[in-house]
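**Q** Next comes the sequence, and after it the predicted model I'd like to discuss.
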Amino acid sequence: MNSMRIDKWLWAARFFKTRSLATDEINKGRIQVNGQVVKPSRDVKAQDTVVIRQADFTRTVMVLGLSPVRGPAPVAQALYEETPESLALRAKVSEQHRLAREPALSITQGRPTKRDRRDLQQASKGWGDRWSASVDE
């Protein structure tokens, strides 16, 4: 086997759980082969460079082998080799995520308590006495 479809290879190499997910990502333009945006039917062969944009980072891998079936993870990892630049970028992004502040911590107050709600209602009571917003004389 000299070449195979890129969507099938991405599925066999376990980058995506199903071929249809791989096809969707290819159609969105998130997969490049040798620097070109491709279609799902594009053939990939050994020594091709595949760029995969996933979540927050981009993986660049070199195709080492082809497999018509989806095998266990160690076999799938033998189908490609990630470039050193890609590994460094992934480590950098994961370190940034690890050191990033938890978004939930930026919330200073949660839902108002019963007392807070009553205070808010009392503060807005000034408008409740009138039947319109115009000033009565």
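**A** Arrived safely.
**Q** I figured Gln32 was touching Lys39, is that so?
**A** No: with contact defined as Cβ atoms under 8 Å, Gln32 and Lys39 do not form a contacting pair (11.7 Å). Just so you know, the C-beta spots here come from the backbone N, C-alpha and C atoms, and that holds for glycine as well.
**Q** Between those two, tell me which one has more neighbours.
**A** Gln32 (18 against 12; other Cβ atoms under 10 Å).
**Q** Give me the most central residue, this structure.
**A** Nearest residue to the geometric centre of the chain (Cα atoms, centre = their mean): Ala55, 2.3 Å.
**Q** List the buried residues of the top helix by length along the chain.
**A** Ranked by residue count and defined by DSSP state H, the top helix of the chain is helix 84-99. Buried positions in helix 84-99, judged by neighbour count with 16 or more other Cβ atoms under 10 Å: 86, 90.
**Q** repeat for stretch 1-14
**A** Across stretch 1-14, burial judged by 16+ other Cβ under 10 Å covers 4-14.
**Q** How far away from the center of its chain is that stretch?
**A** Centroid separation for stretch 1-14 versus its chain: 22 Å, with Cα atoms, centre = their mean, to the nearest Å.
**Q** what comes into contact with it?
**A** For stretch 1-14, the surrounding residues in contact (Cβ atoms under 8 Å, 6 or more residues apart in numbering) are 16-19, 22-23, 25-26, 31, 33, 38, 40-45, 50, 52, 63, 66-71, 73, 76-77, 79-80.
**Q** need the helix or strand of the protein with the lowest average pLDDT.
**A** Taking mean pLDDT, DSSP states H and E as the measure, the chain has helix 125-128 as its least confident helix or strand, at a mean of 62.
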